[in-house]
Every structure is written in C-alpha cells, then in structure tokens.
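# task: produce atomic coordinates for the following.
(chains A and B)
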Amino acid sequence: DAGITQSPRYKITETGRQVTLMCHQTWSHSYMFWYRQDLGHGLRLIYYSAAADITDKGEVPDGYVVSRSKTENFPLTLESATRSQTSVYFCASSESGFTGELFFGEGSRLTVL
Amino acid sequence: SQQGEEDPQALSIQEGENATMNCSYKTSINNLQWYRQNSGRGLVHLILIRSNEREKHSGRLRVTLDTSKKSSSLLITASRAADTASYFCATGSNDYKLSFGAGTTVTVRA
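Numbers count the residues shown, from 1 in each chain, chains lettered A, B, ... in the order given. Predicted coordinates for the structure are as follows:
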C-alpha cells in the first residue's frame, strides 16, 4: 500500500538498550522528518533529511541517531534509551520542502522502563 | 521551542455548532498549516495558508491569517461527531522547519 509506515507501533524496552524505529515511505518524497510528541509539548523535531545521505539535527536531537541510505527509509535509533525518551514518535515526509505539507505515519509508542 | 500556541486548549461543542480555535505565533512566517489528529493516530494535513493570503476555505473549514497580529484561526462549521480530534497549527519559517503548537482538543457531543 502507498503511504508512510512505521514499525514497531508499540515497543517496551529497558534503560540503556538500543532501539531502532523504522520508517518507510512509498512516495519517493525527498524530505523526511522525525518528531516526538509529548503531552503539553506538541510535536518537537528530532532530525530531518532533505535527501538520501543528507540529514540534520532538529530541536531535540540528543540521544538519537538517524541514517538515510535510501530515499524511502529513514530509521531513528536511540543508542542507549533513557526514561525521558518515553514518547510517541512520528515519522513524516514531504515532497514540497521543509515547510510544505507533511504526511505522517501512524506513530511508534515507545516506553522505556 | 514552540512557535505556535493554540487557544483554547480544549473545546466542547454540540453537534451542528461551529468550532473556532486560534493560533498565535512569535516570528515571521512563510506559511501556516493546520493538522488534525484523531486519538491514537498520526496527524493529517487539513489546510495550508501562505503569508500573503488572508483567508482560505476547504469544505467546512475556514482558515484566516492576520500577519500583523501574528495569529490565525480555524473555523469548523456544522460540526460532526467525526470532528472530535486534536487540532494543531504549524508555522513554516525561514529556518526551514515546521514548528507545531501543543494543540486544541475538540469534543463534539451528540
């Protein structure tokens, strides 16, 4: 199916473990983004990418790593998970630039114990 | 940091009534967008208004933008139960990123 898919949808992990959240889009959009959503904070940008092999930090990048070897994939890795990284993570893509219309995935709910 | 701030935080209305929510922002923008999020789902784009536009319509949605007051409003007319959701404004600026507010939660009562 066309669209943007995230996996896993739900994940429980322990402090200190490495976690990778996957994001795959079928539109070949150049721009991709990772946001986290926390109560009272709205959505905060973690990392973004303008094209394959081009990534940059957003507002809250500490503790996260991204890669983009292929246009359609944009995985987000928490190298050593902390409780403060318990959140809902959203991947999004855009064909019209950094400030164009975003298409969101359904989210990955991560709990760090 | 949040650029846009929605007001009110929560809104409860009767089916058939209109719902109005506002978004204020701090710095100059290129565009302002509104998104809807149903419980447990991703955000869905509703409408984009550019900084040189004052009003835009899409179905039952009406968005206004007042750049002199740095504010926007989203009006949903003749609300339905399916409009129950959280609504977010997002501002696009020259820093090449969209900044989202904390959202307005709308509940439409049958």
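# and the residue of chain A nearest chain B?
Among the residues of chain A, A:Thr99 lies closest to chain B, at 2.9 Å counting by C-beta to the nearest C-beta. C-beta coordinates here come from the backbone N, C-alpha and C atoms, glycine included.
# doesn't that residue fall inside a strand?
No - assessed by DSSP: H, G, I helix; E, B strand; the rest coil, A:Thr99 does not belong to a strand; its assignment is coil.
# isn't it right next to B:Ser99, touching?
No - counting by C-beta atoms under 8 Å, B:Ser99 is not a contact partner of A:Thr99; they are 9.5 Å apart.
# list the residues that contact both of these two?
B:Ser93 (C-beta atoms under 8 Å, 6 or more residues apart in numbering or on different chains).
# looking at the residue positioned nearest the centre of chain A now. What's its pLDDT?
Closest residue to the average C-alpha location of chain A: A:Trp34 at 3.1 Å, with C-alpha atoms, centre = their mean. Turning to A:Trp34, the model gives it a pLDDT of 97.
# work out for me the element it sits within.
strand A:31-38 (DSSP states H and E).
# quick one: buried residues of that strand?
Within strand A:31-38, the residues that qualify as buried are A:Tyr31, A:Met32, A:Phe33, A:Trp34, A:Tyr35, A:Arg36, A:Gln37, counting by 16 or more other C-beta atoms under 10 Å in any protein chain shown.
# the residue in chain B positioned nearest to chain A - how many residues pack around it?
In chain B, the residue that lies nearest chain A is B:Gly92 (2.9 Å; C-beta to the nearest C-beta). When neighbours are counted by other C-beta atoms under 10 Å in any protein chain shown, B:Gly92 registers 23.
# what sits against it?
Taking C-beta under 8 Å, 6+ apart as the test, what B:Gly92 contacts is A:Phe98, A:Thr99, A:Gly100, B:Ile29, B:Asn30, B:Asn31, B:Leu32, B:Gln33, B:Leu98.
# nothing else from me, thank you.
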